[in-house]
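Novice: just a sequence and a predicted model for now, questions to come.
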Amino acid sequence: MGRTTLVEHDVPVEMRDGTVLRADVWRPAEGPPAPAVLFRTPYGKSPLGLATLTPAQCVDRGYAAVVQDTRGRFASEGEWAPLDWSQEGPDGYDTVEWTAGQPWCDGNVAMAGTSYQAIVQWLAAMEKPPHLRAIAWRMSTSAPFDAEQLGGALRLDHLTSWLGLTALEWVQRRAAAGDPVDGAVVAEVVQLLTTPEVPLRRWPLSTILDFEGFPGLSCGTSSRGRWRRWPTTASARSACPRSRWAAGTTCSPTARSSCTGRCAPRTRWPGGTNWSSGPGSTPANCRRCRAR
């Protein structure tokens, strides 16, 4: 249609805790307030990172588009914690409501995007922002562990390559702030992106990017919170929401009883070959517990 587009860069959007996230706003230069499509991304606001739908396409069809750097990424303030989903829901809610209240928006907001940009849509929707009308996600996880595991196996190639990709911006941010960036950090980031099989052959894996100041993966703990270590105490295992424990650990009676109804179909247990038939199944269906 060839609409004239107005683009505002790094527009501040204040979150409930006072942190300012920044967004590029694309909108028709003329006409009445329009519905808006929100993209939230940790990969930078360039349209090249929004391959399935671009802001320009949104405007061409009469929508406004908001492309926001997530917390701690690129132009946005705050601390970046990889895979820490706890903040993405509230930040998504606040951004949806901010968008709906702008004079160029008619109060109707949708979200779109792929992968990480898709996951944050679900998290925002769970917060139930009043003006969110739809989410258009693609290639999104459907369970807490799918992002990093498949069939019970840790997807090391996926995690390490993603960590290297996101680490690039962390290195650039440190350099721009005048903080010294250790050459070993830069070298390891480059290695993760070019020859990931090299660091994956080095043990223990918790040493990958284990540098002071580098944000750790929040999905678990290591010496600095980098990689998951499965709970080893009976009380910790019984509290594990998915009851997935490291091979070789011993289930306590409390832990065994927690298996009932927890083993969803096709949820494998480490070190075992059986899975339960679904909610209501007994601990006997779990090979790890049956062996105890």
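Specialist: That came through, no problem.
Novice: show me the shaky parts of the protein.
Specialist: Counting by pLDDT under 70, the ranges of the chain that qualify are 1-2, 47-51, 141-154, 216-292.
Novice: which stretches of it form helices?
Specialist: Assigned helices in the chain, in chain order: 55-60, 88-100, 116-126, 156-176, 183-194, 197-200, 234-239, 253-257, 287-290 (criterion: DSSP state H).
Novice: got TSV for the ones you listed, with mean neighbour count and distance to R138 too?
Specialist: (Each C-beta comes from the backbone N, C-alpha and C, glycine too.) Listed next are these as TSV, based on neighbours: other Cβ atoms under 10 Å; distance: least, Cβ to Cβ, whole Å:
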stretch	mean neighbour count	distance to R138
helix 55-60	19	15
helix 88-100	22	17
helix 116-126	21	6
helix 156-176	17	17
helix 183-194	15	24
helix 197-200	13	28
helix 234-239	16	34
helix 253-257	17	38
helix 287-290	19	36
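Novice: could I get those as JSON lines with distance to H9?
Specialist: Compiled in JSON lines, the helices of the chain are given as follows (distance: least, Cβ to Cβ, whole Å):
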{"stretch": "helix 55-60", "distance to H9": "12"}
{"stretch": "helix 88-100", "distance to H9": "16"}
{"stretch": "helix 116-126", "distance to H9": "19"}
{"stretch": "helix 156-176", "distance to H9": "17"}
{"stretch": "helix 183-194", "distance to H9": "27"}
{"stretch": "helix 197-200", "distance to H9": "36"}
{"stretch": "helix 234-239", "distance to H9": "46"}
{"stretch": "helix 253-257", "distance to H9": "52"}
{"stretch": "helix 287-290", "distance to H9": "53"}
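Novice: residues in contact with S76?
Specialist: 19-22, 68-70 (Cβ atoms under 8 Å, 6 or more residues apart in numbering).
Novice: quick one: which of the residues you listed is nearest to K45?
Specialist: Relative to K45, the closest of these is D69; by Cβ to Cβ it sits at 6.0 Å.
Novice: surely the closest one and F39 touch.
Specialist: No - checked against Cβ atoms under 8 Å, the pair D69 and F39 is beyond contact range at 10.2 Å.
Novice: one step back: give me the buried subset of the contacts of S76.
Specialist: Among the contacts of S76, the ones that count as buried by 16 or more other Cβ atoms under 10 Å are 19, 21-22, 68-70.
Novice: any chance of CSV for those residues, columns distance to L193?
Specialist: Converted to CSV, those look like this (distance: Cβ to Cβ, whole Å):
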residue, distance to L193
T19, 29
L21, 26
R22, 26
Q68, 25
D69, 21
T70, 21
